[in-house]
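Chemist: My questions concern the predicted model and sequence given below.
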Number of protein chains: 2
Amino acid sequence: MARKSVDQVRQVTSIGAGPIGGGWAAHFLAQGYDVTAYLHDPAEETGLRRTVETAWQCLSQIGLAPGASPSRLRCTSDLGEAVAEADFVQESVPEILEVKQALYEQLGSLVPADVVISSSTSGLSMSQIQARCATPERTVVGHPFNPPYLLPLVEMIGGEKTDPPALDWAADFYRHVGKAPLVLTKEVPGFVATRLQEAVWREALHMIENGEATPEQIDIAMVTGPGPRWAFAGPCFTYHIGGGEGGMAYCLEQFGPALKFPWTRLEAPELSDDLKTQLIAACDRMAQDRDFAQLSGERDKGLIAVAQAWQKIGKLT
Amino acid sequence: MARKSVDQVRQVTSIGAGPIGGGWAAHFLAQGYDVTAYLHDPAEETGLRRTVETAWQCLSQIGLAPGASPSRLRCTSDLGEAVAEADFVQESVPEILEVKQALYEQLGSLVPADVVISSSTSGLSMSQIQARCATPERTVVGHPFNPPYLLPLVEMIGGEKTDPPALDWAADFYRHVGKAPLVLTKEVPGFVATRLQEAVWREALHMIENGEATPEQIDIAMVTGPGPRWAFAGPCFTYHIGGGEGGMAYCLEQFGPALKFPWTRLEAPELSDDLKTQLIAACDRMAQDRDFAQLSGERDKGLIAVAQAWQKIGKLT
């Protein structure tokens, strides 16, 4: 397939006028692309432009590409016209399988077959979405995190009929436009980030239900405790740094037994040698030769940035 | 009990030379107190002073109280001398019940009975710790989050013999010194923050074990997805803002059914009317008359601060 290289992309089409579709449009505009937004109903244009305007105030603070301008946004309710010139299509219509399947059936013939179509779906599988599409090889999932103009994560996976090179191309393209693509190899419900988020949410609901903590207390605990650390290092690497000179290996030895304690309603898997080895090796790779003093120094820099932001703008909770 | 008012406290004793004891010492020094550190072994002084020095570089960036100085730290290995002048005692010795019980037995007679003794314990209960203390009424748990000189959270609870006013006094004192005390009423294993953290950790272990995601992928997902939001709003309020104009009520309606989906191994409780009402009311209180536009604007300011910090210092993971 003669696909353009990622740096030859000039024109992006964003399908959908909600906060996700609008957020994507703003992101691609800020990256210097011509963006066409497809609106199911022309009346949605006002809302979409408002989303882009709000996002623009944020994006201009963290940097715009040369020539980037919100005036390079064009809106249309003609699907053929919306995708005619597209080098990449990001789809963010409502999470209703029938709606997505019907749309991909149309896109399958309207969008040139070498153009990747990526779905923002958070809960549906690409195998289902692409079922009625005549050219499913180039359809992938690219699930962003809200707001998509500020959070870099894009969780990715193909469907049964997706060509692996299409997924690779889309991951390269997302990386090229400043996103953090996370290409999964197993189709797991909720991908990764939503699963972590849901684990927290479900444990929180149990605590509230049992009168162990109020919603306010749960929120305070998160914002003043683990939250700020997780803005800079994930759960594995946070423990690696917390383990001091001994890193993850020390943590597993020290806190391994706590996995048997009722410190949440979620049962832990057995901490096998294989699992331990994977964790330790991964943390060593992430450390990239930085020793404990460097790592804890970098963690502290991140937490100082959050503390300074709290001083300036407060906490929300 | 004629306890000093929190603004009359001049002298704080920090017991323990590890990262928690040293972190507490640095925090109280930065708040302008005279601090005495009790070291089990005089040889620990070098390590303790190094911890304080490292912390000081951070603390001086987010603000020191007038007159605050690391030179106001005194170290001793004489327990009686360490607590003789103390207006408040923070204990951070290793998490070994026998060690803590023996220490509290001594402290019970050495520390004047009107002085609160707070334990940094993360896993032991105060009812057990205070068992051999002759004056247990003023002993409480004040569990910080690492590093204690940067993260505000202090989870608090009393033991069976703790006088409630002692707990109130300690919460007031922590608030007075810039901490975020979270006073719990039920002794729940892991308190609140560790339970949330453990739910994430256990779900992550399951994903790694099943080959659904690598530790690196889990860390990237957290840092580029939910993590930055949780530095400014907790899990409940994050959904409230995510729900747009409809807030938490809309979220519960929209995403309630997802609680039945296998979006983590943690089973959710039934989303009863009572639980829904508690969540919606709490989010309304936290919103304090701010509408959706204001709230999402404030969330975005927080995320911009994180994005700018990433540009300057990078992510750790």
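Modeler: That came through fine.

Chemist: Contacts only, for A:Val99.
Modeler: Contact analysis of A:Val99 by CB atoms under 8 Å, 6 or more residues apart in numbering or on different chains lists A:Val93. All C-beta atoms are positioned from the backbone trio N, CA, C, and that covers glycine.

Chemist: Excluding covalently adjacent residues, which one is nearest to A:Ser272?
Modeler: Counting by CB to CB, 6 or more residues apart in numbering or on different chains, the nearest residue to A:Ser272 once its immediate chain neighbours are dropped is B:Glu209, at 7.7 Å.

Chemist: contact partners of the helix or strand hosting A:Gly21?
Modeler: Using DSSP states H and E, A:Gly21 sits within helix A:19-30. Under the criterion CB under 8 Å, 6+ apart, residues A:12, A:14-15, A:35, A:37, A:47-48, A:51-52, A:55-56, A:59-60, A:64-65, A:68-70, A:72-73, A:90, A:92-93, A:120, A:144, A:146-149, A:177, B:244 lie in contact with helix A:19-30.

Chemist: Just the ones of those residues in helices?
Modeler: A:Gly47, A:Leu48, A:Thr51, A:Val52, A:Ala55, A:Trp56, A:Leu59, A:Ser60 (DSSP state H).

Chemist: how about A:Gly123, what does it touch?
Modeler: Counting by CB under 8 Å, 6+ apart, the residues that A:Gly123 touches are A:Glu95, A:Pro189, A:Gly190, B:Ala258, B:Phe261.

Chemist: you'd agree the fourth one is in a strand?
Modeler: By that I understand B:Ala258. No. B:Ala258: not assigned to a strand; according to DSSP: H, G, I helix; E, B strand; the rest coil it is helix.

Chemist: ok, it - how many residues close by?
Modeler: B:Ala258: 16 surrounding residues under other CB atoms under 10 Å in any protein chain shown.

Chemist: same question, the first one
Modeler: The tally of other residues near A:Glu95 (other CB under 10 Å) stands at 14.

Chemist: Now do it, the pLDDT please.
Modeler: pLDDT, A:Glu95: 92.

Chemist: And A:Leu29, by the same measure?
Modeler: 98.

Chemist: Now it: closest residue in space that isn't a chain neighbour?
Modeler: A:Val35 (5.1 Å).

Chemist: For B:Ala307, state which of the contacts of A:Gly123 is nearest.
Modeler: Using CB to CB, A:Gly190 is the member of the contacts of A:Gly123 that sits closest to B:Ala307, with 25.0 Å.

Chemist: Distance of the closest one relative to B:Leu266?
Modeler: 12 Å (CB to CB, to the nearest Å).

Chemist: And chain A, split by domain according to the record?
Modeler: As given by automatic domain parsing, the domain ranges for chain A are A:6-183, A:225-313.

Chemist: Go through these and find the least confident stretch.
Modeler: domain A:225-313 (a mean of 92).

Chemist: Show the end-to-end separation of it, please.
Modeler: 18 Å (CA to CA, to the nearest Å).

Chemist: on that earlier part again, could you list everything the residue nearest to A:Leu29 pairs with in the sheet?
Modeler: A:Val12, A:Leu73 (DSSP bridges).

Chemist: Please tell me how far it sits from A:Ser14.
Modeler: 6 Å.

Chemist: And for A:Gly178?
Modeler: 16 Å.

Chemist: Give me the more crowded residue out of the two.
Modeler: A:Ser14 (34 against 13).

Chemist: The residue lying closest to that one once chain neighbours are set aside: neighbouring residues, count only.
Modeler: Counting by CB to CB, 6+ apart, A:Ala25 is the residue found nearest to A:Ser14 once chain neighbours are left out, at 4.3 Å. A:Ala25 has 32 neighbouring residues, counting by other CB under 10 Å.

Chemist: okay, and the common contacts of A:Gly190 and B:Leu266?
Modeler: In contact with both A:Gly190 and B:Leu266: A:Glu198, using CB under 8 Å, 6+ apart.

Chemist: Show me what counts as buried in stretch A:104-118.
Modeler: A:Tyr104, A:Leu107, A:Gly108, A:Leu110, A:Val111, A:Val115, A:Val116, A:Ile117, A:Ser118 (16 or more other CB atoms under 10 Å in any protein chain shown).

Chemist: And stretch A:34-53, by the same measure?
Modeler: A:Asp34, A:Val35, A:Thr36, A:Ala37, A:Tyr38, A:Leu39, A:Glu44, A:Glu45, A:Leu48, A:Arg49, A:Thr51, A:Val52.

Chemist: Determine which two of the residues you listed are furthest apart.
Modeler: Largest pairwise distance in the buried residues of stretch A:34-53, by CB to CB, is 19.8 Å, between A:Asp34 and A:Glu44.

Chemist: before we move on, back to that, just the ones of the contacts of A:Gly123 in strands?
Modeler: If you go by DSSP state E, the contacts of A:Gly123 have nothing in strands.

Chemist: Serialize those to a markdown table and add fields for distance to B:Trp310.
Modeler: Shown next, in a markdown table, are the contacts of A:Gly123 (distance: CB to CB, whole Å):
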| residue | distance to B:Trp310 |
| --- | --- |
| A:Glu95 | 30 |
| A:Pro189 | 29 |
| A:Gly190 | 25 |
| B:Ala258 | 30 |
| B:Phe261 | 32 |
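
Chemist: So A:Glu160 sits against A:Ser127, correct?
Modeler: Yes. Between A:Glu160 and A:Ser127 there is a contact under CB atoms under 8 Å: 4.4 Å.

Chemist: Between the two, which has more neighbouring residues?
Modeler: Each of A:Glu160 and A:Ser127 has its neighbours counted (other CB under 10 Å); A:Ser127 has more, 16 against 12.

Chemist: Setting aside sequence neighbours, what's the nearest residue to the more buried one?
Modeler: A:Gly159 (3.9 Å).

Chemist: Which neighbouring residues are in contact with the one you found, exactly?
Modeler: A:Ser125, A:Met126, A:Ser127, A:Gln128, A:Ile129, A:Gln130, A:Pro136, A:Thr139, A:Val140, A:Val141.

Chemist: which among these gets closest to chain B?
Modeler: A:Ser125 (12.5 Å; CB to the nearest CB).

Chemist: Near the closest one, how many other residues are there?
Modeler: By other CB under 10 Å, the residues close to A:Ser125 number 17.

Chemist: secondary structure class for the closest residue to it other than its chain neighbours?
Modeler: Among residues not flanking A:Ser125 along the chain, A:Glu187 sits closest, at 5.7 Å (CB to CB, 6+ apart). Under the three-state scheme (three-state DSSP), A:Glu187 adopts coil.

Chemist: Report the contact partners of A:Glu187.
Modeler: So A:Glu187 contacts A:Ser125, A:Ser127, A:Ile157 (CB under 8 Å, 6+ apart).

Chemist: Can you give me the pLDDT of A:Ala2?
Modeler: 77.

Chemist: Could you check how far it is from A:Val115?
Modeler: Distance from A:Ala2 to A:Val115, by CB to CB: 11 Å.

Chemist: need the helices for the stretch 201-317 of chain A, in chain order.
Modeler: A:215-224, A:226-230, A:235-242, A:247-255, A:273-287, A:292-313 (DSSP state H, counting those that start in this stretch).

Chemist: can you redo these as a markdown table with distance to chain B?
Modeler: Conversion of the helices of the stretch 201-317 of chain A to a markdown table gives the following (distance: least, CB to the nearest CB, whole Å):
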| stretch | distance to chain B |
| --- | --- |
| helix A:215-224 | 2 |
| helix A:226-230 | 3 |
| helix A:235-242 | 4 |
| helix A:247-255 | 9 |
| helix A:273-287 | 4 |
| helix A:292-313 | 4 |
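
Chemist: shouldn't A:Val190 be in contact with B:Thr264?
Modeler: You called it Val, but residue A:190 is Gly. Yes. The criterion here is CB under 8 Å, and A:Gly190 meets it with B:Thr264 at 6.9 Å.

Chemist: what residues are shared contacts of these two?
Modeler: In contact with both A:Gly190 and B:Thr264: A:Glu198, using CB under 8 Å, 6+ apart.
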